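Q: Here is a sequence with its predicted model. Questions after.
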Amino acid sequence: MTDQTKYVYDLAEGDMSMKPLLGGKGAGIAEMNKIGVPVPDAFTVTTEACVAAMKNDGTWPDGLSDQIDGGLARLEERTGLQLGDAENPLLVSVRSGAVQSMPGMMDTILNLGISDETVESVAKLADNERFAWDCYRRFIQMYGEVVEGIEPHVYEDALTKLKDDKGVEQDTDLTADDLKGLVATFKQLSNEALGGNWTTDPHEQLHRAVNAVFKSWLNPRAEVYRKSQGISRDLGTAVNVQQMVFGNRGDTSATGVCFSRNPSTGVKELYGEFLTNAQGEDVVAGIRTPRPLAEMEEVLPEAFRELLDTMARLEEHNKDMQDMEFTIEDRKLYMLQTRNGKRTAAAAVKTAVDMVDEGLITKEEALLRVEPAQLDALLHPGIDPNDASEAIVKGLPASPGAAVGALSFNADDAAERGGQGENVILVRYETTPDDIHGVMVSQGVLTAHGGMTSHAAVVARGMGITCVAGAPGIKIDPKAETVTINGKTYGTGDTLTLNGSTGDVFDGALELVPPDLNEDFEKITTWADEVRRLGVRANAENFEDASKARELGAEGIGLARTEHMFMASDRLPAVRKMILAENEEQRAAALEEILPMQQKDFEAIFTAMKGLPVTVRLLDPPLHEFLPNLVDQSLLVQRLEIEGAPEDKLAKERETLAQVKKLHEQNPMLGTRGCRLAMLYPSIPEMQARAIIKAALAVQEREGETVGVEIMIPLVVIKKELEVQREIVTKAVEDEFEKAGKRLDYTIGTMIEIPRAALTADQIAEAADFFSFGTNDLTQTGIGISRDDAESGFLGHYVADEVMPKNPFESIDVDGVGQLVRIGVEKGRATKPNLKTGVCGEHGGDPASIEFFNSVGLDYVSCSPFRVPIARLSAARAELLSRKK
Ligand code: PEP
Ligand code: MG
């Protein structure tokens, strides 16, 4: 039985709604064709065909080969041309086109169909011999590299040698005869490289080219990009076979790329680049530096005006900023591609807001246009505008923001150092898709070559990485790993500062200043507040962080970790005394010392947050974080013994060692943490409760209002623990009220951060006024992976090998840990229908996790202050998406 699946669609059969099947490019050209924009005729092989082949180790599904031949026959009929025909040859491009755009990730083959048989006709029809031979040599080169896997240098070396022999600099200086000779050389080299198996039959070449596109879906650089963008490998890519139009038919032909708005700033203005007498990849690859689009008005005025009209039309039709590729063949404009343009965070926010003002989209659509992760970039610091430092060179402002880092001259090195947390700046002549793993972890990218739409620029903008491209006159020596700028040579590890918004490059590290959040940003986050159901709070434990959080829109503090206040060097001795106390008397003395410090801390937070709720979590120390390290302390004692240190000193250190040994735990994260410590030493929670209430009353007295006091007990696993702690806290609180002759409202709740707590949440809720899910510990204990060790160990491999889709400490493991949260909420609310529930683990600031938390009905998320705007937007988007569903 033959496979009845339709794998091939003619241009006129498709439209935008078929994007999953035809890929972004295929659906894009079909839609353009549908609305009457001039597009070269084409057919598209579906993503399903790619997936079917991938599932079958590369073997094509039944019928695919025949369907491609059918598609080709219909294309030949429509164009009146034939592939390989000596009189009327059809030439096609073969391009990949995934559902989501993958810049520079996939390989394009142009001019397929040119051969010894057809080249003369191509020359005659175009009345341009040089053009025909140029097409031919380009084809052999692309086809050889992409389809047959021949090393690029095989061709590049031959081309360079020819130019040297002829004494010319540019490819365009080569004559028709030069190129004819080059074709012969290329063919011979190709045949040698393939051991005599070089095919010259265009039909076979077409099939092999389609297959190469399928295979390129799985190539390593595509793999890296997909992973970084969370694009599933199972989607596959479509293949577009399209009639060639020629931008390299002399000076009345051109090719270029353009955007309907500036993708760096979002401003509605002319933005793009073109090259006359050139073919597509010349512009994108950044090999010849292209000219700004505005100059096209002089060179090709009619095509220029038609392009402006078409741009406006495509933006209006797609209701989004468009990124387009075009070719002008002998003054006639053709659109080759349109897609929603990748843009910087600033541009995303500005275009979304402007398009609402222009009536093009609704506020809700605007919210879905801005990726929460992009806001992150806007919240990053920039160079102080008052800094008077002189730039050492000015390149193109290819991707905005500021970057300070140590130089790296190859992507592997940048990937390694950046991966270890070093701030690096990748310096390359120009970047290629093979550099992507290095670009991804760099602070910034500096290139000597290439324009605003070069690979480096597009990728950096998409990832929110600062980029200065095409810096003129800088000399990079990749072997010596140096760059010479303005007469000074910089090597690996030397520091530069890049300003991707202006293109300026500075010697050394400039001071960066906090970002300026403009009106558009305000608008988007305010619209988000109108839509979202989830509350957004922040995790903070000092005045500065709390104030920052409030400024960024936090509606309260969801977690103040009191042990963080104990880490400061002036506190640690008292805290150690408290932990190491041998009896209640000693402990009471230590606590007496700590109480005023804690009260001061709380007063600062409460002042910053007055009028809003603040959840203060009682002490949750894995003890090892507060005690001297066992090994260090042992060594210290040994050393003092050898040195013959005074007996009293030795005795003191020996005593500490004995205490450290006594309290030493193999698994401190599962040890005497959280309420377990408070169960052993009730005087600790009692002191903390007193400090909280004293602070709240003091702030109320001083400021006229105070915060909603929420006292939270950590690491509860058994209802009884919470009951005991609740009683201790309540007694202390009531006692303080009595002493002060005043009271205020307060609640007592618990963290849910151990599976047992989630599973018995109905019981625990009896003693709790609220729940806050500690998804850090819930992930650690739910999956059984150590928070401290896993990320630097096997977990990295698991994520890289896709054993786990994402790092579960970054984005909630919905299937596992997520279920514990769901059960916790359901059981808790079964006991107390109005039980307030939130989350305060790191996941509270992660967009995908927020979508999940919204779906299980939590009341709020709490995250670090700088993520508050991201959480506000994510919460709104989660709500919009859930309504859509
Ligand atoms: C948690 O476990 O998710 C939590 C917020 O607490 P901590 O990270 O302080 O253990
Ligand atoms: Mg915890």
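A: Nice, I can see it. Ligands and ions are numbered 1, 2, ... in the order given.
Q: rest of the way, CA atoms for contacts and neighbours
A: Fine.
Q: any idea how far residue 847 lies from ligand 1?
A: Here residue 847 is placed at a distance of 16 Å from ligand 1 (Cα to the nearest ligand atom, to the nearest Å).
Q: Let me see the contact set for that residue.
A: Contact analysis of residue 847 by Cα atoms under 8 Å, 6 or more residues apart in numbering lists 372-373, 870-871, 874-875.
Q: Emit the PyMOL select command for whichever of the residues you listed are buried.
A: In PyMOL, this line selects whichever of the contacts of residue 847 come out buried by 16 or more other Cα atoms under 10 Å:
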select buried, resi 372+373+870+871+874+875
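Q: between the contacts of residue 847, which is closest to ligand 1?
A: Of all these, residue 871 has the smallest distance to ligand 1: 16.1 Å, by Cα to the nearest ligand atom.
Q: which SSE is that closest one in?
A: Per DSSP states H and E, residue 871 falls inside helix 868-884.
Q: what do you get for residue 71?
A: Residue-wise, residue 71 maps onto helix 64-79 under DSSP H and E.
Q: sorry, back to before: and the two most separated of the contacts of residue 847?
A: The largest separation in these, counting by Cα to Cα, is between 373 and 875 at 12.8 Å.
Q: quick one, domains of the protein?
A: The record's domain parsing of the chain by automatic domain parsing lists 8-243, 254-340, 380-513, 532-621+673-884, 629-666.
Q: okay, these in JSON lines with mean pLDDT and distance to residue 358 next?
A: Output for the domains of the chain, formatted as JSON lines (pLDDT from 0 to 100; distance: least, Cα to Cα, whole Å):
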{"stretch": "domain 8-243", "mean pLDDT": "92", "distance to residue 358": "22"}
{"stretch": "domain 254-340", "mean pLDDT": "90", "distance to residue 358": "11"}
{"stretch": "domain 380-513", "mean pLDDT": "87", "distance to residue 358": "25"}
{"stretch": "domain 532-621+673-884", "mean pLDDT": "94", "distance to residue 358": "22"}
{"stretch": "domain 629-666", "mean pLDDT": "91", "distance to residue 358": "63"}
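Q: Does anything pack onto the helix holding residue 871? Which helices or strands?
A: On a contact count with 3 or more Cα pairs under 8 Å, 6 or more residues apart in numbering; DSSP states H and E, helix 868-884 meets helix 363-369, helix 372-378, helix 519-531, strand 535-539, helix 847-855.
Q: residues in contact with the helix or strand harbouring residue 158?
A: Using DSSP H and E, residue 158 falls within helix 152-166. By Cα under 8 Å, 6+ apart, the surrounding residues in contact with helix 152-166 are 141, 145, 169-171, 174, 178, 182, 185-186, 189.
Q: Which stretches in the stretch 301-450 of the chain count as helices?
A: Along the stretch 301-450 of the chain, counting by DSSP state H, counting those that start in this stretch, helices occupy 301-318, 345-357, 363-369, 372-378, 411-419, 436-440.
Q: now what about the last one, what contacts it?
A: For helix 436-440, contacts defined as Cα under 8 Å, 6+ apart pick out 221, 224-225, 410-416, 418, 426, 445, 460, 463, 465.
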